[in-house]
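Visitor: take this sequence and fold it.
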Amino acid sequence: MLAAGRVYAMTCQPAFILHSRPYKESSALADFLTPQGRLRAVLRAARGRAGSPARPFVPLELELRGRGELKTVARLESSGIPYWLTGASLFAALYLNELLIRLLPAEDPHPPLFEHYALTLDALAGGRPLEPLLRAFEWRLLAELGYGFSLDRDRHGRPVHAGSLYRLLPDAGLEPVEQLQPGLFRGGELLAMGEADWQFPGALAAAKRLMRQALAPHLGGRPLVSRELFTTLKESSRD
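Guide: Residues are numbered from 1 along each chain as shown. The predicted structure follows:
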């Protein structure tokens, strides 16, 4: 993690805007995802400026200046074609952004996570199936933050067996259980998740439940706005 009070050099780095909100008279306060982590900075005279690249899902080049956690944007330019996202793909990408804002500590570098995020946006824009992409990103985020766990070994180090039942202990890993109870996972589903074998019966639905259980302790009990919007969109599409 970067030391508090460090002066940022005017070094250009790739970035995406995760979220921005009005700040003072005409500026915006923006959260950026960069290889150096999530960075918060003031974007001066950002509101009402035609053609501004200061919007989500646009590859950017970013330069910052200042001390402490809150920086000032010195330069912000588009560095590529914006990812065209609509409907469910847009809500899925907003979900990724909200996860990163809620869970990724400020100024904690994760270059592989930045690359994975860009690849996921590209896949979403290309029309790839949403659920496998979301599960892969959630899994990568948990692993990068140090909350990952094995899918082929239980918390005692023993191999996961396809015919056995397991429950997730978020801080410890998979615990084998003998009796059927709510929220359990079959070993075959867990092994299929580890291989990203989404053709295995029930693996994709089980992966969604598993990731919700794994993420819940780190979200602090507050619901995800993007998840609620996504659910509303799916329900309205059935009407």
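
Visitor: switch to C-alpha atoms for all contacts and neighbour counts from now on
Guide: Noted.

Visitor: break this structure into its domains for me.
Guide: Annotated domains of the chain cover 13-78, 87-238 [automatic domain parsing].

Visitor: got TSV for those domains, with mean neighbour count too?
Guide: Listed next are the domains of the chain as TSV, based on neighbours: other Cα atoms under 10 Å:
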stretch	mean neighbour count
domain 13-78	18
domain 87-238	16
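
Visitor: ranking the ones you listed by mean pLDDT, which is last?
Guide: Out of the domains of the chain, domain 13-78 stands lowest, with a mean of 85 (criterion: mean pLDDT).

Visitor: what packs against the longest strand anywhere in the chain?
Guide: Across the chain, the longest stretch assigned as strand under DSSP state E is strand 13-23. In terms of contacts (3 or more Cα pairs under 8 Å, 6 or more residues apart in numbering; DSSP states H and E), strand 13-23 is packed against strand 27-34, strand 60-65, helix 87-103.

Visitor: 6 Å - rerun?
Guide: strand 27-34, strand 60-65 (3 or more Cα pairs under 6 Å, 6 or more residues apart in numbering; DSSP states H and E).

Visitor: next, the angle from that strand to strand 60-65.
Guide: For strand 13-23 against strand 60-65, the angle between stretch directions is 70 degrees (axes from the mean of the first three to the mean of the last three Cα atoms, to 10 degrees).

Visitor: list the strands paired with strand 13-23, with their directions.
Guide: Strand 13-23 has its sheet partners listed here by DSSP bridges as strand 27-34 (antiparallel), strand 60-65 (antiparallel).

Visitor: right, and Phe185 touches Ser164 too?
Guide: No: applying Cα atoms under 6 Å as the test, Phe185 and Ser164 come out as separate, 8.5 Å apart.

Visitor: thinking again about what came up before, looking at the strands paired with strand 13-23, which is closest to Ala88?
Guide: strand 27-34 (21.9 Å; Cα to Cα).
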